[in-house]
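Colleague: output the structure for:
(2 chains)
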Amino acid sequence: MKVFLAVLFTVLGLSLVLLLNMKLGQAPPLGKFLDPFHGFWANAESASPGDKETGLDVPGLTGKVTVVFDDKMIPHIFAGNDHDVYFAQGYITAKDRLWQMDFQTRFASGRLSEVVGNKAVELDRFQRRMGMTYGAEQMIKEVAKYPRLKAVMEAYRDGINAYIHSLKPGDYPIEFKILDYKPEDWQVLNTGLLLKLMSATLAGGSNEFYMSNILAKFGPDITRDLFPDYPGLEDPIIPKGTPWNFKPVSIPQVPKSYSAIATAGIRTKELEEGIGSNNWAISGKKSASGYPILANDPHLDLTLPAIWYQLQLSAPGLNVYGVSIPGSPCVVIGYNKDVAWGVTNVGSDVLDWYQVNFRDTKKDAYFYDNAWKPTRRRIEHIAIRGGKQLDDTVIYTHQGPVVYLDNQKPAFAKAANIPSGHALRWIAHEPSADIWAFYLLNRAKNYDDYRKAITWFAAPAQNFAFASATNDIAITPNGRFPLKWREQGKFLMDGSKPENDWQGWIPTEQNPTVKNPPRGFISSANQSPADQSYPYYLSWEFHSYDRARRINSRLAVMEHATVDSIRALQNDTYSILAENILPVLLKSLEPGRLSGEAKAAYSIMAGWNKQYDAGEKGASIFELWHNTLARMTWDEFLDAEHPMRFPPRERLVRMLRDEPLSPWFDDKNTPAKETSRKIIRKSFAFTIDSLARKLGPIGDKWEWGRVKGSHVPHLAAIPGFGSATLFAGGGKNIVNALSESNGPSWRMIVALGKPNKGYGVFPGGESGNPGSFYYDNMIETWAGGKLNELLFLQSPTETNKRIIKRILLTNH
Amino acid sequence: MLFILIAVFSLLLQFFLPWWIIAPVSAVLAALVGGTARNAFFSSFMAIFVMWIGVSLSKSIPNQHLLSGKVAVMLGLPQSPSSWIIVLLATGIIGGLTASVSALAGYYWRAALKKK
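Modeller: As a prediction, the model looks like this:
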C-alpha cells in the first residue's frame, strides 16, 4: 500500500512538474511563468528609477561610454568613437526593446512558426514567398561593399549581443516567458529585415488586380474617367510652377503592344488609407524667431511597445537627437545642432506583377522575349515548434518570386490578396545601402550634406523635409524610382515582353525637389510629388490631397509662427472632405420632411464646424454618411467574383459637386433615373438608422471620440498589454490622422536657431516592458496633443534637473 | 520544522535553479522529517505558498502591482484594481501544490522503505 502511494505521488508530482513546465495551447507554462524568481514577477519593475550613478561591465567596448537618462528614461549616449556609439545604441535599445526586435524580425523573415507553431505556417510561407529574406540578403550583400557602413551595422549587432549574453532566463522580457522561447543572437541580416518590413508596410500595396478587373468590365474610357492618371483635386508637394533644373534621360514610350491583362480569381492587398504622414517646414520669414521650424508626424499602425525608440547619440563628429527603429542603428527622424529633417511616405508605384507563362508543369522555364528562359528556385526551410520542418520551393523569374502558383494559393487571408501565377517585381528586392543615408543625415551640417545623404536612400521612398539653422528649407520626394512608361504597372502586365520590364532608374538627382520656395514653406502629406510637368511617371495615384490641402492653406496664411502654432496644426482636425461636399449633401436633404433622429441629426450636421474633435457628433455622422454614399454610388464595383476597388475619393467629390446627373448615381434596380439627390437622402437615412440601432438615441455615445475608440494595441495582441481606449479627435484624411489604431507614431517639432530646440512625443514609452512605468507613460501627453521638450545635451557631465540617472559602460 | 526547512532551502536554491527545484526539496525534506502524511502535505504546501507569495509581493509592491494587474487581464480575469490578488493566490497555490504532492511522494517512499 505504501509503495503504491509512493509510486502514485511520484508519478503525480512528476506529471505536475512536467505539465506546469510546458506550454499548453495559448497559455504560458504556468509553473515557470508564475515562479516569483524567474517568472513574470521578475519583470515587475520598481516605480523608483534606482541609483543615480551606476556602472556596468560591457565586454566589446573599446572605451568608456556614458549613458545619461532623462525623466522620460530616454538615453543620451556619449561615446568616444563610432564603434562605441553604435555598439551602445544596440546594447541600450536591446535592454529596452529586445522582444519587439526579435518578434518583428521573426515576423518579417517568416520564422514565427518556430515560436508559435503550426498556426503561423501560412504567414511564414507568405513572408518568405514575398521574398522578404531574399530582399534583406540583397541589402547585406550591398552593405558589404561599404566597410564603414558594415562596421556600423556590426558594432550595433555586437552591442545587442553583448546585452543578450548578459541575460539569465529570469531576465528575459515577459513576452519570451509567455510564448516560452529564448532570444537568439542578433545578425546584421535582422537589421536588413526590419527595413524590408518598412518597405512591406509603406511600399507593399498594389491595386493592379482590381484595376485589371475594372478595365475588363468597364473598358478604357470609363476606367480613365474614374481612375485618372492625375487627380482632379491636387495640391502637389513640389509647388506648381517650380522649374525642373535638369535634362531628363530618355523616357520610355508606352509600348504599342500595351494592353492590360485581366485574370480572374486573384486579389492584391489594397493600398491602405491611414498609413501616411505629414511633414513641413516654414522659412524664417514666417516664424516669430526668424529661423525655420520643421514638423513631422509619421502615421503607422500603432503598437506597444512603441514603434520608435527615442535617443541622443554623441561621438566625435556626431551629436544627434531623434527616433530610431529598434533593430537598426542611427536616428531616422531628428535633428542636430545645424539641421533637422523628417520623412513621410511617397507611395510611388514600386511593386508590379507580371503574368508568367511557364513552358510546362515542371516550371523550369518561362516564355520571355520570344524564347524560353530558365527559372531559379529558392528553397525555404520553415521550422515549426515541436520539431517539424516544412520545405517550400519558390520559383523566381528575372522579375522576382512567383509568390503563388495557380494551384498553390492557401485559404489564408493574406495570401488571398496575391495574384497567383504572377512574378513580383518589387523595390524591396533591390540591393541598397539605405542606412548610410541616415548615418550621413545624422552628421549633416547644411543643405548640401542633406542632398548628398539622401541619394543613398532607396526604399521605401520618403519625402525628406529639411530645415537648417542657416535658414534653408527644402523637400525631396526621394528614393529609387524605376523608369517607367506612363501607366506602367497600373494594371497587371504580361511578363513575356521585355518592354514591360522596368527600364532603369530615374537619376537620383532628378527626383523632384525644391529649396526655399517663394511661398515660404515646404510640406508633404503623401499626395502627388509634383504636378504634371514633372517628366517622369511615378504612379497614377497617391493619397488624396485632403491633409495636404489643409496644411498648405494654413501654412500659407501663417505669420510670426511659433512652436505652438505649428503644434496646433499638427493637431488640426478640420475635414477638407466635409468642406468639399457637406454643403452639397445638406442642400439635397429636405429638413421639413425629416422626423425623429433624422431631424435632430440634420440640425447637428447643419451646425457642425467640420472638425473631427472627440466631442463632435457631426464627425461620427459625416464619416459613416460619406462611406455609405460611396458604397451606394459605386455599387457597380462590388462583385465577389471579380474583385474591384472604388474610384479615388476625389472623383466622387467632383461628381457630387459638378455632375449630379452622372449615371453612377442611378440605381440600376429601379426603372427611374436617379440623380445624386436621391442617393444622398438614402445614404443619410441609412446612416442615421444604423447609428441609432448601434448607439441608441442621439447622445454622448454619438461623440466621435467614443465612436472611433482610438487605442494602441500590443504588438502580439496580448490582452491587457495594450493601452486603454482613448477619447481623442482626428481621423483618416485629417491632419491629426489618429483613427482607431493607426495615426501619428511620433510627433516632432524642431525650432531651428541657436541653439535648435526640439519637441516630441510618441504613443508609448521608451521601455518595451509592460511591467515598467516607462512602457506607456507618454500616451496621455500624445493623446492630449501636447509635446515634451526634448533634452539635447552637449556633454555627459552636463547638469540638468531632468537627468535622473547615469550609467557608465566599461569593458574590464 | 518541515515548513521552515522547505521554505528556507527552496528560497536559497531558487536564486540559482529553476522553479521545479521546490519538488525535490519538498520530497527529500518530507522523507527526512515528514512526521505524518498530513504534516508533510500541509507544511510543504504552506511553506511554498507563503514563500512564493512573499517573494512575489517583494517584487510587486515596488511595482504598485502594475504588471500583475496586466497579467490578470491576460489570463482572462476582469480589469479591476484587485484582480492581481487572484494572480498572487494562483502563484501560491501552484507552487504549494507542486511542493505538497512531491512531499507526499517523499513521505511515502520513506514509509515504504522503512517497512521492509
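
Colleague: can we go C-alpha only for contacts and neighbour counts from here?
Modeller: OK.

Colleague: now find how far off-centre whichever strand or helix holds A:Gln127 is within its chain.
Modeller: Using DSSP states H and E, A:Gln127 sits in helix A:121-129. On the basis of Cα atoms, centre = their mean, to the nearest Å, helix A:121-129 sits 20 Å off its chain's mean C-alpha point.

Colleague: ok, now stretch A:343-362?
Modeller: The mean C-alpha position of stretch A:343-362 is separated from the chain mean by 20 Å, Cα atoms, centre = their mean.

Colleague: in that stretch, what's buried?
Modeller: A:343-358 (16 or more other Cα atoms under 10 Å in any protein chain shown).

Colleague: take those and keep only those in strands.
Modeller: The strands, defined by DSSP state E, take in A:Val343, A:Thr344, A:Asn345, A:Leu351, A:Asp352, A:Trp353, A:Tyr354, A:Gln355 from the buried residues of stretch A:343-362.

Colleague: any idea how far the fourth one lies from chain B?
Modeller: Between A:Leu351 and chain B the distance is 39 Å, computed by Cα to the nearest Cα, to the nearest Å.

Colleague: ok, now which ones touch that residue?
Modeller: A:Leu351 makes contact with A:Ala203, A:Gly204, A:Gly205, A:Ser206, A:Leu424, A:Arg425, A:Trp426, A:Ile427, A:Gly489 under the criterion Cα atoms under 8 Å, 6 or more residues apart in numbering or on different chains.

Colleague: how far away is it from A:Pro255?
Modeller: Distance of A:Leu351 to A:Pro255, given as Cα to Cα, to the nearest Å: 19 Å.

Colleague: and for the third one?
Modeller: When distances are taken as Cα to Cα, A:Asn345 and A:Pro255 turn out to be 30 Å apart.

Colleague: distance to A:His38, secondary structure and pLDDT added to the contacts of A:Leu351, as CSV?
Modeller: Shown next, in CSV, are the contacts of A:Leu351 (distance: Cα to Cα, whole Å; DSSP: H, G, I helix; E, B strand; the rest coil; pLDDT from 0 to 100):
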residue, distance to A:His38, secondary structure, pLDDT
A:Ala203, 42, helix, 79
A:Gly204, 41, coil, 78
A:Gly205, 43, coil, 75
A:Ser206, 46, coil, 75
A:Leu424, 46, strand, 93
A:Arg425, 47, strand, 93
A:Trp426, 45, strand, 93
A:Ile427, 44, helix, 92
A:Gly489, 54, coil, 90
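
Colleague: give me the element A:Asn279 is part of.
Modeller: strand A:277-282.

Colleague: residues making contact with that strand?
Modeller: With contact meaning Cα under 8 Å, 6+ apart, strand A:277-282 is reached by A:292-299, A:342-345, A:465-467, A:473-474, A:520-526, A:547, A:555, A:735, A:744.

Colleague: tell me the first helix or strand C-terminal of it.
Modeller: Of the helices and strands lying after strand A:277-282 in sequence (DSSP H and E), the nearest is strand A:293-301.

Colleague: what packs against whichever helix or strand comes after that next one?
Modeller: Next in sequence after strand A:293-301, counting helices and strands by DSSP H and E, comes strand A:309-315. Packing partners of strand A:309-315 (3 or more Cα pairs under 8 Å, 6 or more residues apart in numbering or on different chains; DSSP states H and E): strand A:75-78, helix A:82-109, strand A:318-324.

Colleague: A:Gly386: how many residues sit nearby?
Modeller: For A:Gly386, the neighbour count with other Cα atoms under 10 Å in any protein chain shown is 12.

Colleague: now the closest residue to it other than its chain neighbours: how far from chain B?
Modeller: Nearest residue to A:Gly386, sequence neighbours excluded (Cα to Cα, 6 or more residues apart in numbering or on different chains): A:Gly117, at 7.2 Å. Here the criterion is Cα to the nearest Cα. By it, A:Gly117 lies 20 Å from chain B.

Colleague: repeat that for A:Gly731.
Modeller: Separation of A:Gly731 from chain B (Cα to the nearest Cα): 28 Å.

Colleague: give me the contacts around stretch A:43-60.
Modeller: By Cα under 8 Å, 6+ apart, stretch A:43-60 touches A:158-159, A:162-163, A:171, A:173-174, A:769, A:771-773, A:804-812, B:59-60, B:62-68.

Colleague: pull out the buried members of the residues you listed.
Modeller: Buried, going by 16+ other Cα under 10 Å: A:158-159, A:162-163, A:171, A:173-174, A:769, A:771-773, A:804-810, B:59-60, B:63-68, out of these.

Colleague: interface residues of the stretch 151-300 of chain A facing chain B?
Modeller: Within the stretch 151-300 of chain A, no position lies close to chain B (Cα under 8 Å from any Cα of the partner chain).

Colleague: poorly predicted segments of the stretch 151-300 of chain A, please.
Modeller: Residue ranges of the stretch 151-300 of chain A with pLDDT under 70: A:257-275.

Colleague: over to chain B?
Modeller: Within chain B, the stretches with pLDDT under 70 are B:115-116.

Colleague: work out which residue lies at the spatial centre of it.
Modeller: By Cα atoms, centre = their mean, chain B has its centre lying nearest to B:Ile48, at 2.5 Å.

Colleague: how near is that residue to B:Leu12?
Modeller: Taken as Cα to Cα, the span from B:Ile48 to B:Leu12 is 12 Å.

Colleague: how many neighbouring residues does the closest residue to B:Val101 other than its chain neighbours have?
Modeller: Distances taken as Cα to Cα, 6+ apart put A:Gly13 closest to B:Val101, at 5.4 Å, once the chain neighbours are dropped. Counted by other Cα under 10 Å, the residues lying close to A:Gly13 total 24.
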